[in-house]
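Visitor: Below: sequence and its predicted model.
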Amino acid sequence: MDTFPQWIWIALVAVAVLVVIVAIMAGVRRSRSARLREHFGPEYDRTVHETGSRTKGEQELVNRAEEVEGFNIRPLTAAERDRYVGEWQHIEQRFVERPKAAVAEADELLTEVMRTRGYPMADFEQHAAYLSVKHPRILEHYRAGHAVIENAASASTESLRQAMLHYRALFEDVVNDGFDVPRGVRTDREIAEPSPRTGVTTVREEEERPGR
């Protein structure tokens, strides 16, 4: 029985090795994609869409994470946290009379908190990119709140109220990062709810229930 020439066996082995390498690389790529999608959430799809391809989008997210790792990001001190929480409460109170100004102040306060924690000066999109690395799950709140500011001239009171709620979610996440703040034990203020009878904007207390 004829046998294959040696060069054929070598070629078959080379092809088999190449197939294995390709399979391993594909597995590694799928694993990285899964990790990035899991970590960044909606920001993953948004970045892939903006860059035009999964490869470019994923590389952008990896580069972003590496850049943020080079920053000296730190939690707030207890004194800083208390001061910012007090400023936030005053902003929410001013929302009753000056909703547009209060939303703008909320945006500015968030920027100040980020700078204090070690994020560099940047525009909104760059701040959003930086936040996506360590606070990906609440990043959409930042984008939604900022979108209202960009259209503040025509924004309704309810849109402004929703913007404040978005900003509050981000503010609490960024300010409380590094602190043990159990849920279900504090009372939050519901922001500027217009009264259906008088049309007067009011603020009422809403007690947060465990498991909510």
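Guide: Everything's here; your move.
Visitor: okay, now the domains of the chain?
Guide: Residue ranges for the domains of the chain, per automatic domain parsing: 6-69, 78-207.
Visitor: Tell me the gap between the first one and the middle of its chain.
Guide: In terms of CA atoms, centre = their mean, to the nearest Å, the gap separating the centre of domain 6-69 from the centre of its chain is 23 Å.
Visitor: got the end-to-end distance for it?
Guide: 52 Å (CA to CA, to the nearest Å).
Visitor: ok so, going back, in CSV, list the domains of the chain along with mean pLDDT.
Guide: Listed next are the domains of the chain as CSV, based on pLDDT from 0 to 100:
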stretch, mean pLDDT
domain 6-69, 80
domain 78-207, 81
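Visitor: For these, give me JSON lines that also has mean neighbour count.
Guide: Using the backbone N, CA and C atoms, a C-beta is placed for each residue, glycine as well. Below are these laid out as JSON lines (neighbours: other CB atoms under 10 Å):
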{"stretch": "domain 6-69", "mean neighbour count": "13"}
{"stretch": "domain 78-207", "mean neighbour count": "16"}
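Visitor: Going along the chain, name the strands of the protein.
Guide: 187-194, 201-207 (DSSP state E).
Visitor: tell me the contacts of the residue nearest to residue 47 when sequence neighbours are not counted?
Guide: Among residues not flanking residue 47 along the chain, residue 57 sits closest, at 4.4 Å (CB to CB, 6 or more residues apart in numbering). Residues in contact with residue 57 (CB atoms under 8 Å, 6 or more residues apart in numbering) are 44, 47-51.
Visitor: mind redoing it with 6 Å?
Guide: With contact set as CB atoms under 6 Å, 6 or more residues apart in numbering, residue 57 has these partners: 47-48, 51.
Visitor: Mind jotting down where the helices sit in the chain?
Guide: Listed in chain order, the helices of the chain (DSSP state H) span 6-40, 42-51, 54-69, 78-95, 99-117, 124-134, 139-150, 157-176.
Visitor: Give me the angle between the fourth one and helix 99-117.
Guide: Calculated by axes from the mean of the first three to the mean of the last three CA atoms, to 10 degrees, helix 78-95 forms an angle of 170 degrees with helix 99-117.
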